[in-house]
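# Give me a model of this one.
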Amino acid sequence: MSFKKILLAIDDSSVTPGILSQGLEVAKSLQADLMLFRCIHSKDLQVINSIPYEMGLGIESVNYNYQEEQENLNRVTEENLQKLKNECEIATNHQLKIEYKYAIGDPGACICETAQNWSASMIVIGRKGHSMLVEALLGSVSSYVIHHAQCAVLVVSPPKPSA
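Residues are numbered from 1 along each chain as shown. Okay, here's the model as predicted:
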């Protein structure tokens, strides 16, 4: 199998530099196109649903909440775009064909959907190293991607702490 398009899923975790480094190394060795991808989890946007007018709040309060939502969305989107641009600059030094994209939603589903739409042949994703119990209770993006992606998945584990 030939891996010509690699989607590199990154976030703000402490393992991201390692994922970026390993993903770049894999893409360079295979001379593959690379997409840096970030998903902004919808829960991180602190969306305040429009407060019903029937609750006694005036239209000014509803408009204020809506404006707050929009400003938060714009801020988070701009921060993530800037991070992607910075990571793209690092990747550009490796002389690869690189693009970047972000989406808003559930990270696992967004990664799988983006990979499929882009016709990725591999996804490189990190795992935070949580215990199996924590992953079972909270879920795991990497586990979701492993089970739902329609292409190969390379999971980069965090380095083991030295004893």
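
# isn't residue 19 right next to residue 156, touching?
Yes - using CB atoms under 8 Å, residue 19 is in contact with residue 156, at 4.8 Å. For glycine as for every other residue, the C-beta is placed from the backbone atoms N, C-alpha and C.

# okay, now residue 69: neighbour count?
16 (other CB atoms under 10 Å).

# returning to that earlier point: overlap of the contact sets of residue 19 and residue 156?
Here residue 19 and residue 156 have 124, 125, 126 as joint contacts, going by CB atoms under 8 Å, 6 or more residues apart in numbering.

# Throw those into CSV and include neighbour count, distance to residue 141 and pLDDT, thanks.
Below are these laid out as CSV (neighbours: other CB atoms under 10 Å; distance: CB to CB, whole Å; pLDDT from 0 to 100):
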residue, neighbour count, distance to residue 141, pLDDT
124, 26, 13, 93
125, 28, 7, 90
126, 26, 9, 85
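
# Sort out which of these are in strands and list them.
Taking DSSP state E, the ones among the shared contacts of residue 19 and residue 156 that sit in strands are 124, 125, 126.

# Compile the residues you listed into a markdown table and extend it with columns for distance to residue 36.
Below are these laid out as a markdown table (distance: CB to CB, whole Å):
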| residue | distance to residue 36 |
| --- | --- |
| 124 | 10 |
| 125 | 12 |
| 126 | 13 |
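
# Regarding the protein, what is its longest helix?
helix 59-92 (DSSP state H).

# circling back to that earlier point, of the shared contacts of residue 19 and residue 156, closest to residue 27?
Using CB to CB, residue 124 comes nearest to residue 27 of the shared contacts of residue 19 and residue 156, at 8.2 Å.
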